[in-house]
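# need a structure here:
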Amino acid sequence: MKNKDADSKNEDFVFGKGYAMTDTAVSLIIPVYNAAEYLQQCLDSVTAQTLFSRMQVLLIDDGSTDASPEICDVYAQKYANIYVTHRRNAGVSAARNAGIELAVGKYAAFADADDLLLPDMIECLLEAAERTGAQMTFCDYTIESAYGEETQRFPFPKNEAFGRDAVVRYMMDKENFNTLCDKLLLLEPIRTHMMRLTVGRKFGEDREFVLRYLQICDTLVYVPNAAYFYRYVPTSAIHRKKREYATALSTQFLSDQAQFARLGVQADDFLAGSAVCFCRRIEATISALCQAYRGFARLRKLRVFFADDAVHDILNQLMPFARGGLNRYTRVLLRCMQLRLAFAARLWMRAVEGRVWLFERLHGKKQV
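Numbers count the residues shown, from 1 in each chain. Here you go, the predicted model:
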């Protein structure tokens, strides 16, 4: 049934039949934007949760123009604990913030509308939280890409409480802890500190929120179960926005610098801890740029990226700390960037690609 008090120009609320908020342990927040192709599979994996009866599911339709709103409405009418709000498009962070405002559970979880949850994911995370009193529990996840599937696992104590310092150190050097979608967060500190995702930010919004939450989180538990599945959708926002290469890198670096400082990490320790990770990110960005463009357009884009002063400043800060952890290919590539030699960098990349191709032809296998 629709809420007659809602402003139809801005939001339209739909509740499930006999919607009740009693005994709600977890509020699962799912932003939805033009995900009709995969949304039903996602929601079926949600309704199949072993803890579904104790969940509040918040579908935040962010101005979808496909069949997503109708799919959301069908599920909201069918299930008493699924709630949907239709909003003007404002981005994933604004949609998640709307979900946080509407959440009534003790804990919050997040999912993307084109992904899948294993049936016991929420129950396992909640059990760990209730058993230990942890403010954050998290699990492994499997991510699909154009090259296949890969499971992301973590080197933390399993099924027992530990402090945040290990995660802080880990996040300086790794990026696979960034996502919100494999985590269960206690809502009380989020409400107390008025925490929200940064609206309008296009890069690293999950990572920023996780780092901010760690500042008010003392205890975590790692559940070694690959219970979340990231689907690879090339047309989704997460893949489109990566093409803003220089802005993505400089925004992420400055944000990390500020957040880790608030976590008590000294400036030189931050540079030392994150140098290799960021240098490899710059290398990956160059590779992604080369794959996205061809011919003269590729060289023009490379030259623009190589000439970016903000990225140069970051690279110059990092290289003294990173050299020992980088292979020769990466060191030469980044040295070309420091000298703003885009054409030389492309020649170096082609030379290495040719060597790999020749090795594979001669030996009939991929070079490691």
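
# C-alpha only now, for contacts and for neighbours.
OK.

# quick one: the helices in the stretch 51-200 of the chain?
For the stretch 51-200 of the chain, the helices defined by DSSP state H, counting those that start in this stretch occupy 68-78, 92-102, 121-132, 165-173, 187-192.

# distance from the chain centre to the third one, please.
Computed by Cα atoms, centre = their mean, to the nearest Å, the chain-centroid distance of helix 121-132 equals 21 Å.

# would you mark the buried spots in it?
121-126, 128-129, 132 (16 or more other Cα atoms under 10 Å).

# in this structure, which helix or strand is least confident?
Here the helix or strand of the chain ranked lowest by mean pLDDT, DSSP states H and E is helix 237-240, holding a mean of 46.

# mind checking the helices of the stretch 51-200 of the chain for the one nearest to Leu58?
With respect to Leu58, and counting by Cα to Cα, the nearest of these is helix 92-102 at 6.2 Å.

# what's the closest one in contact with?
Outside helix 92-102, the residues that touch it by Cα atoms under 8 Å, 6 or more residues apart in numbering are 29-31, 58-62, 108, 196-201, 205.

# looking at the residues you listed, which one is closest to Leu339?
Set against Leu339, the nearest of these by Cα to Cα is Arg201 (30.5 Å).

# angles on the backbone of the residue nearest to Ala267 when sequence neighbours are not counted, please.
The spatial neighbour of Ala267 that comes closest, neighbours along the chain excluded (Cα to Cα, 6 or more residues apart in numbering), is Ala261 at 7.1 Å. The phi/psi pair for Ala261 (degrees, to the nearest 10) reads phi -60, psi -40.

# next, count neighbours for Ala261.
14 (other Cα atoms under 10 Å).

# also Pro155?
Other residues lying near Pro155 total 10 when counted by other Cα under 10 Å.

# partner residues bridging the residue nearest to Leu125 when sequence neighbours are not counted?
Spatial nearest neighbour of Leu125, chain neighbours left out: Thr137 (5.7 Å); criterion: Cα to Cα, 6+ apart. Beta-bridge pairing of Thr137 under DSSP bridges involves Leu184, Val221.

# how about the helices in the stretch 201-350 of the chain?
205-214, 237-240, 245-262, 267-292, 295-306, 309-322, 328-338, 342-363.

# low-confidence stretches in the stretch 1-150 of the chain?
1-22 (pLDDT under 70).

# of the buried residues of helix 121-132, closest to Cys72?
The closest of these, once distances to Cys72 are taken by Cα to Cα, is Ile122, at 20.6 Å.

# so who does that closest one touch?
Ile122 neighbours (Cα under 8 Å, 6+ apart): 26, 49-51, 184.
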